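> How does the following fold in three dimensions:
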Amino acid sequence: MFERFTERARQVVVLAQDESRTLGHAHIGTEHLLLGLLREHDGIAARVLGSFDITLERARGEVVRIVGVGEEHAAARQIPFTPEATQVLELALQEATKLGHTYLGTEHILLGLLTLGEGVPMRILLDCDAKPDRVRDAVIGMLSGRPARAQALAPTAPANDNGFEEWIRVGPGAGVRRLLMIAAARALDDGREDIQPSDVLLALTRDERAGPLLAELGVDDLAILRALERRGSAPG
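Residues are numbered from 1 along each chain as shown. Below is the predicted model:
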């Protein structure tokens with residue numbers, strides 16, 4: 001199957017695996033393929049999704065909200081594809097064949113997600129008002145040289161005013177990124193759209209290395225919450 005994949009399409013699979021590990025998931029699902037497509041910024045899929053204002057940061061936050069964050073050790077060295085993710089890749093090959101293409105690019109993987117028509121990626125698309133038929137038209141339009149929406153002609157660099165996504169991509173390792181995902185999940189549970197330092201502090205208690213050390217020092221979630229309350233800086 002992977003012989004027909006372009007270099008960018010292969011990279012999407014690698015990035016999907018990386019996203020799964022970072023989130024502590026024991027599988028590569030359709031949601032991870034979506035995140036992989038968005039991380040491959042120069043691919044047609046990312047450009048089309050960007051034209052609907054679907055960014056990596058936004059999609060990753062939705063995945064955390066819907067699926068949650070698992071335990072770091074749960075992500076095995078060889079992470080298997082879910083049946084749905086495998087089906088998406090098979091559908092991507094079919095989409096490439098229908099279009100008369102001898103290669104499989106990021107655009108075909110996106111079309112495969114649309115053809116599957118279910119799962120976390122579809123929920124994210126619909127929540128972002130990106131209806132499947134409009135996204136498909138945008139892909140076909142870009143392949144034919146006519147972007148379906150004006151935003152599709154925008155630069156392909158990650159859309160983030162404060163540069164956070166660029167920093168998170170090249171700076172912290174997977175462990176720190178996972179801490180931020182746990183902190184983000186806590187913020188979302190509290191109905192907040194921003195991560196506070198207290199969220200990161202509490203996330204440390206769930207870290208595989210920092211957690212046991214904090215416990216040895218007698219520091220747990222309850223102790224942290226009480227200390228924050230005394231200082232008047234409890235989260236939320």
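> And the helices in the protein?
In the chain, the helices defined using DSSP state H lie at 7-22, 30-39, 44-51, 56-67, 83-98, 106-116, 120-127, 132-143, 164-170, 174-189, 197-204, 210-216, 221-230.
> and those, which one's lowest on average pLDDT?
Comparing mean pLDDT across those, the weakest is helix 164-170, with a mean of 43.
> How much space separates L214 from A187?
20 Å (Cβ to Cβ, to the nearest Å). Yep, even glycine has a C-beta here, placed from its N, CA and C like the rest.
> ok, now which ones touch G112?
Q87, V88, L89, E90, L91, A92, Q94, E95 (Cβ atoms under 8 Å, 6 or more residues apart in numbering).
> L214 and A187 - which one has more neighbours?
More crowded of L214 and A187, by other Cβ atoms under 10 Å: A187, with 22 against 19.
> you'd agree the more buried one is up against D199?
Yes: proximity of A187 to D199 meets the contact threshold set by Cβ atoms under 8 Å, at 5.4 Å.
> Next, give phi and psi for I54.
Backbone torsions of I54, given as degrees, to the nearest 10, read phi -100, psi 110.
> what sits against the nearest residue to it once chain neighbours are set aside?
Nearest residue to I54, sequence neighbours excluded (Cβ to Cβ, 6 or more residues apart in numbering): C128, at 5.1 Å. Applying Cβ under 8 Å, 6+ apart, we find C128 in contact with F52, D53, I54, R58.
> In these, which residue is surrounded by the most others?
I54 leads these on contacts (other Cβ under 10 Å) with 24 neighbours.
> if I look at it, how far off is I124?
Noted for I54: a distance of 7 Å to I124, by Cβ to Cβ.
> ok, and the closest non-adjacent residue to G117?
G117 sits nearest to P132 (Cβ to Cβ, 6+ apart), 6.7 Å away.
> okay, now the one you found: neighbour count?
Neighbour count for P132, taken as other Cβ under 10 Å: 16.
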